[in-house]
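Participant: Compute the structure for the input listed below.
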Amino acid sequence: MSSPRVLLADDNRDFLHHVVEMLESNYQVIGTVVDGGSVCAEVSRLRPDLMVLDISMGQHSGIEIARQVRQQGYAGQIVFLSIHEDPDFIGAAIGAGGRGYVFKSRMNADLGLALRSVLSSQIFISPQGHRP
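Facilitator: Just a heads-up that it's a prediction; the model follows:
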């Protein structure tokens, strides 16, 4: 069985590099995107099993990007990775088609669990008010 194919999107290159290092032993990272405007084209081109998407990508909203890829027929899983811990952001992300929401402050503890959860058709949201 092959590893799930993952597309990562975040406007911080150093952060993306860290996420790649975290995931590469269990997932096939097929691409990274630093420009929110390029995400939809990369999803269409690469057809990942899941994507990890930042909420704030410069001038682009990850929530709006998620809506766009869903409208284009993307059926894979979307996990948001964000500094925003506000319930309004979480609700908007899930409403846009996300199945997971990981706080960047909890990324090391929660990202792997979130990916496994959404690949098992479960929703994952980082617990609030707890620091690892």
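Participant: C-alpha only now, for contacts and for neighbours.
Facilitator: Fine.
Participant: where does the residue nearest the centre of the chain sit relative to residue 27, distance-wise?
Facilitator: By CA atoms, centre = their mean, the mean C-alpha position of the chain lies nearest to residue 52, the distance being 1.9 Å. In this view, residue 52 and residue 27 are 12 Å apart by CA to CA, to the nearest Å.
Participant: quick one on the thing from earlier: report all helices and strands that the helix or strand hosting the residue nearest to the centre of the chain contacts.
Facilitator: Secondary-structure assignment from DSSP states H and E places residue 52 in strand 50-54. Judged by 3 or more CA pairs under 8 Å, 6 or more residues apart in numbering; DSSP states H and E, strand 50-54 is in contact with strand 5-9, strand 77-82.
Participant: and the angle from the last one to strand 5-9?
Facilitator: Think strand 77-82. 30 degrees (axes from the mean of the first three to the mean of the last three CA atoms, to 10 degrees).
Participant: So for strand 77-82, mean pLDDT?
Facilitator: Averaging pLDDT along strand 77-82 gives 97.
Participant: What are the contacting residues of the lowest-mean-pLDDT helix or strand in the chain?
Facilitator: Within the chain, judged by mean pLDDT, DSSP states H and E, the helix or strand with the poorest mean is strand 56-57; its value is a mean of 86. Residues outside strand 56-57 that contact it (CA atoms under 8 Å, 6 or more residues apart in numbering): 10, 11, 34, 35, 36, 62, 82.
Participant: Neighbouring strands - and their directions - for that strand?
Facilitator: strand 60-61 (antiparallel) (DSSP bridges).
Participant: List of residues touching the helix or strand just after the partner strand?
Facilitator: The helix or strand immediately downstream of strand 60-61 is helix 62-71, counting by DSSP H and E. Contact with helix 62-71 is made by 36, 39-40, 43, 53-56, 78, 80, 92-93, 96-98, as judged by CA under 8 Å, 6+ apart.
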